[in-house]
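K.L.:
My questions concern the predicted model and sequence given below.
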Amino acid sequence: MALFEVKDLQKKYYAAGEGVDTQVLFDLNFSIDRGEFVSIMGPSGSGKSTLLHIIGFLDGHTGGEYYFNGKKYEDYGENEIANVRNKEMGFVFQQFNLLPKQTVYENISLPLVYSDIPEKEWDNRIKEVIETVGLTHRLDYQAYKLSGGEKQRVAIARALVNNPDVIFADEPTGNLDSKSGEAVMKTLERLHSEFGHTVILITHEIATAERANRMIYIKDGKIESDKKVRKSKNQESIKIK
Amino acid sequence: MNIKHTIKTGLRSISDHKSRSLLTILGIVIGVAAVIIVMSLGNGAQSLILNQISGLGPETVVLRPGTGFSDVTSVLFSQSLTQKDIDALKKKSNVPNLIEVAPFVILASAIEFEGEKFNPSVMGGSAEFFGRVFDLAPEEGLFFSEADIEQAKRVAVIGTDLKEELFENMNAIGEDIQIKGRKFKIIGVFPSKETVGGFNFNEMVMIPHTSAQNLTGQNHYPEIILRSDSVDNVNKMVVDIKVTLRDTHDIEYGEDDDFNVQTQEDLIDMIQSVITILTAFLVATVAISLVVGGVGIMNIMLVSVTERTKEIGLRKALGAKRSDILKQFLFEAIILTSLGGVIGIIVGTGVSFIASVILAHTIDPNWVFSFSISSALIGVGMSASIGLIFGTYPAIQASKKSPMEALRYE
């Protein structure tokens, strides 16, 4: 059973007052299995972020069907949706979205606050994920004092803390210089290869998109191509320390 | 999210925006402080007044012309209580429990000393009686006797403040003062005493009531104090007094009394209820400022919800339920207003303490500072409910936000 499955998925926006609907996604069909590393690529305005919001339970669709874990989107109740976001999905945003005045530790603990994980386990989990992203020495820093790359790695740690199946990364390197971007990408690759997370990456850069194993190319709200990425020897040899 | 983390999140958000939080709760602080101050001063005034009027003792009653306390005109102008009534009341067969009758009149008159005018309160009554009731022994000279009263002698006992004003350190005994053009000889000086039973003896000139009546040419009394042989017999005595006076006044069955008898208990009840009503009225007025403070809270919370749209979106994306967001903002409002309540109680208590110290120095040394736990609890309760009432709408607005739109918000 596929983890995600969409059939003829559509999304329209109703522009109030104008009386005209804007269609962003047209009859998309694909499925993603557990453990895949998929990039969704496309120029800006292609609808890739909207797609991520829909399959990430942050927004609804207006046509077609969407199944998560074999269950239809419409069959999920409001609290169930909150639970899915909390336990089974982790989000990494282009804008990091950390609470600036809170410490790294507090930011990472946020998904735990909304979970039913016993409080005595929190500390271990937080220390584990901060080690995964290599920022143990920054745990007590307030988020606004970190560099962009560090912020994004904290965001990844936050996405990981409830040990979700899926990590969604929406242009995670978009606001970073190439060096920080590379560190973030390496972390994402490791989450997939070492820890077996399903990673769904949104990007408009072909080089970033090719880091995944499968690339779905979207243009004007339609899937143009959906193919496995052939990795060059050079790319395959990238190892993370 | 459990309660502990909801409260922690609320406190965190308040401390992250210290100055805004402080400004937000200012209205609540002022409102609660005002409630505390009004209640405290109300209690202080009440105990002061009760202290002053209860000096007559529980076994005494006060007889006045007119149908009741509110019947001011008849108290001032009625001529229903005369010497004839006193004589009837004094008969053992009429009122067996009565042991003492002390009529008194108040003279609206200035006094003259060495050609200069002064305005003390001039009272016609029995100096011995008041001395007994209020535990006053003459500081100098003596008090005039029953015989002096019967003979309507022109003698006077004066208060210490008046003596100081008239004679400074000189001897007053034997000196003459003039009241309504007649000479009165000073034979005694009251000891210094704070106002008791409504009487300020320090500023008083007391002459025999018979002499006072001679001055005015009237033979009725605006007030007569009567004393029973024991507290237990007060109610029986009141009945006997009423029966006797209805008889001497020829009041037919079914007609109302043209006099009224007030026990000390009645008086205390009445004053207590007047002050309670006044205080309640003031508290209600002040409470309006709390509502205004509440509207301020709502306003700021709505701004805060808009400002933190992105945070709300993020929390939802990370798994917050609608109820979690609702609780978060509601608790934040309640914590904020309760904090305002606590600060208000501290400020209000401080101000009322200072006020009572000032009042004790300026108005009456017997003014005591009063702090009641109940008013503090009311303050906290009110402010927390205001948080709950005015925080609900912004919290609902926050919880309704869709995570995607909230995350996009700039």
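P.N.:
Okay, I see it.

K.L.:
got a list of what the spatially most central residue of chain A touches?
P.N.:
The centroid of chain A falls nearest to residue A:168 when counting by Cα atoms, centre = their mean (0.9 Å). Residue A:168 sits next to A:52, A:56, A:89-92, A:159, A:200, A:202 when contact means Cβ atoms under 8 Å, 6 or more residues apart in numbering or on different chains. Placement of C-beta: from N, CA and C, glycine included.

K.L.:
do that again at 7 Å, thanks
P.N.:
A:52, A:56, A:89, A:91-92, A:200 (Cβ atoms under 7 Å, 6 or more residues apart in numbering or on different chains).

K.L.:
repeat for residue A:70
P.N.:
By Cβ under 7 Å, 6+ apart, residue A:70 lies in contact with residue A:1.

K.L.:
What distance do you get for it to residue B:161?
P.N.:
For residue A:70, the distance to residue B:161 equals 98 Å [Cβ to Cβ, to the nearest Å].

K.L.:
cool, and residue B:397?
P.N.:
67 Å.

K.L.:
who in chain A is up against chain B?
P.N.:
Residues of chain A lying close to chain B (Cβ under 7 Å from any Cβ of the partner chain) are A:53, A:58-59, A:78-79, A:82-83, A:85-86, A:91, A:97, A:99, A:101, A:110-111, A:113-115.

K.L.:
Output stretch A:83-90 as PDB, restricted to C-alpha atoms.
P.N.:
Provided in PDB are the C-alpha atoms of stretch A:83-90 (Å, rounded to 0.1, in the frame of the first residue of the first chain):
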ATOM      1  CA  ASN A  83      -2.500  13.900  15.100                       C
ATOM      2  CA  VAL A  84      -1.200  13.000  11.700                       C
ATOM      3  CA  ARG A  85       0.600  16.300  11.400                       C
ATOM      4  CA  ASN A  86       2.100  15.700  14.800                       C
ATOM      5  CA  LYS A  87       3.100  12.100  14.700                       C
ATOM      6  CA  GLU A  88       3.500  11.100  11.100                       C
ATOM      7  CA  MET A  89       4.700  14.200   9.300                       C
ATOM      8  CA  GLY A  90       7.600  16.600  10.000                       C
END
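
K.L.:
State the mean pLDDT of it.
P.N.:
The average pLDDT for stretch A:83-90 rounds to 93.

K.L.:
same check, this time on stretch A:99-106
P.N.:
On average, the pLDDT along stretch A:99-106 is 92.

K.L.:
so how far is that stretch from its chain's centroid?
P.N.:
Averaging C-alpha positions (Cα atoms, centre = their mean, to the nearest Å) puts stretch A:99-106 21 Å from its chain's average.

K.L.:
Please point out which parts of it sit buried.
P.N.:
Using 16 or more other Cβ atoms under 10 Å in any protein chain shown as the test for burial, stretch A:99-106 gives A:99, A:102-106.

K.L.:
residues touching residue B:244, list them.
P.N.:
Here residue B:244 is in contact with B:88-89, B:94-95 (Cβ under 7 Å, 6+ apart).

K.L.:
With neighbour count and distance to chain A as extra columns, can I get the residues you listed in JSON lines?
P.N.:
Formatted as JSON lines, the contacts of residue B:244 follow (neighbours: other Cβ atoms under 10 Å in any protein chain shown; distance: Cβ to the nearest Cβ, whole Å):
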{"residue": "B:88", "neighbour count": "17", "distance to chain A": "86"}
{"residue": "B:89", "neighbour count": "22", "distance to chain A": "82"}
{"residue": "B:94", "neighbour count": "17", "distance to chain A": "84"}
{"residue": "B:95", "neighbour count": "24", "distance to chain A": "80"}
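
K.L.:
Sketch out the low-pLDDT regions of the chain for me.
P.N.:
In the absence of a named chain, this looks at chain A. A:16-18, A:232-241 (pLDDT under 70).

K.L.:
wait, I meant chain B there
P.N.:
The model of chain B has pLDDT under 70 over residues B:52-55, B:68-79, B:410.

K.L.:
Which single residue in it comes nearest to chain A?
P.N.:
Of all residues in chain B, residue B:319 sits closest to chain A, at 2.3 Å by Cβ to the nearest Cβ.

K.L.:
where does that residue fall, helix, sheet strand or coil?
P.N.:
Look at residue B:319: counting by DSSP: H, G, I helix; E, B strand; the rest coil, its state is coil.

K.L.:
that older thread, quick check, the residue nearest to the centre of chain A in a helix?
P.N.:
No. Using three-state DSSP, the assignment for residue A:168 is strand, not a helix.

K.L.:
Could you list the domains of chain B?
P.N.:
Per automatic domain parsing, the structural domains of chain B span B:3-53+B:269-408, B:79-257.

K.L.:
Of these, flag the one that's most buried.
P.N.:
domain B:3-53+B:269-408 (a mean of 19; mean count of other Cβ atoms under 10 Å in any protein chain shown).

K.L.:
before we move on, back to that, please list only the buried members of the residues of chain A next to chain B.
P.N.:
Using 16+ other Cβ under 10 Å, the buried members of the residues of chain A next to chain B are A:53, A:58-59, A:82-83, A:85-86, A:91, A:97, A:99, A:110-111, A:113-115.

K.L.:
quick one: which of these sit in helices?
P.N.:
Among those, the members found in helices (DSSP state H) are A:53, A:82-83, A:85-86, A:110-111, A:113.

K.L.:
Using PDB, list the CA coordinates for the lengthiest strand in chain B.
P.N.:
In terms of residue count, the longest strand belonging to chain B (DSSP state E) is strand B:98-107. Extracted in PDB, the C-alpha atoms of strand B:98-107 (Å, rounded to 0.1, in the frame of the first residue of the first chain):
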ATOM      1  CA  LEU B  98     -36.200  52.800  83.400                       C
ATOM      2  CA  ILE B  99     -33.400  54.000  85.700                       C
ATOM      3  CA  GLU B 100     -32.300  57.200  84.000                       C
ATOM      4  CA  VAL B 101     -33.700  59.900  81.800                       C
ATOM      5  CA  ALA B 102     -31.500  62.400  80.200                       C
ATOM      6  CA  PRO B 103     -33.100  64.900  77.800                       C
ATOM      7  CA  PHE B 104     -31.000  67.200  75.900                       C
ATOM      8  CA  VAL B 105     -31.300  70.200  73.500                       C
ATOM      9  CA  ILE B 106     -28.900  71.700  71.100                       C
ATOM     10  CA  LEU B 107     -28.700  75.400  71.000                       C
END
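
K.L.:
you'd agree residue B:247 is in a helix?
P.N.:
Yes. Assessed with three-state DSSP, residue B:247 lies in a helix.

K.L.:
Excluding sequence neighbours, find me the nearest residue to it.
P.N.:
Computed as Cβ to Cβ, 6 or more residues apart in numbering or on different chains, the closest residue to residue B:247 that is not its neighbour in sequence is residue B:88, at 7.6 Å.

K.L.:
Next, the one you found: phi, psi?
P.N.:
Backbone torsions of residue B:88, given as degrees, to the nearest 10, read phi -70, psi -40.

K.L.:
Pretty sure it sits against residue B:94.
P.N.:
Yes. If you go by Cβ atoms under 7 Å, residue B:88 and residue B:94 touch, sitting 5.9 Å apart.

K.L.:
residues contacting residue B:295?
P.N.:
residue B:390.
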